[in-house]
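S.K.: Just the structure for this:
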Amino acid sequence: MKKTSQSKLNAKRASGLRPEYHFDYTKAKPNRFARRARPGSVAVLLEPDVARVFKSAESVNAVLRALMATMPGRRALAINRAEKLRFQ
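M.R.: Take a look at the predicted model:
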């Protein structure tokens, strides 16, 4: 069995990582965002500068649908989706 050198162990400890973690799952909390997620949706992390401009999912989706409408081959898809949303 190969031994890990002392310098490698010290480097790992300096990075703040432990060789092994023990989690107490009895103290785990439910995901507070799970109820908001709709089936088929995808969560996306926005960069801070983008998040300052777009305050809601609706505003992001509106801009992305407008962009999709300008893309060749995606125009019909974006228009159909926008029409479905209007009639809900």
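S.K.: so where is the chain shaky, pLDDT-wise?
M.R.: Counting by pLDDT under 70, the chain has low-confidence residues at 1-14, 74-88.
S.K.: okay, now residue 43: neighbour count?
M.R.: Residue 43: 7 surrounding residues under other C-beta atoms under 10 Å. From N, CA and C alone the C-beta is placed, and that goes for glycine too.
S.K.: Can you give me every residue that contacts it?
M.R.: Shown in contact with residue 43 (C-beta atoms under 8 Å, 6 or more residues apart in numbering): 33, 37.
S.K.: go with 6 Å
M.R.: Contact partners of residue 43, counting by C-beta atoms under 6 Å, 6 or more residues apart in numbering, are absent.
S.K.: Tell me the spacing between it and residue 55.
M.R.: Using C-beta to C-beta, to the nearest Å, we find residue 43 at a distance of 17 Å from residue 55.
S.K.: cool, and residue 31?
M.R.: For residue 31, the distance to residue 55 (C-beta to C-beta) stands at 22 Å.
S.K.: need the longest helix for this protein.
M.R.: helix 57-70 (DSSP state H).
S.K.: got the buried residues for it?
M.R.: Residues of helix 57-70 classed as buried by neighbour count (16 or more other C-beta atoms under 10 Å): 60, 65, 68.
S.K.: For residue 60, give its distance to residue 23.
M.R.: Applying C-beta to C-beta to residue 60 and residue 23 gives a distance of 34 Å.
S.K.: Sorry, wrong one. I was asking about residue 55.
M.R.: Separation of residue 55 from residue 23 (C-beta to C-beta): 35 Å.
S.K.: now swap in residue 37 and tell me
M.R.: Taken as C-beta to C-beta, the span from residue 37 to residue 23 is 24 Å.
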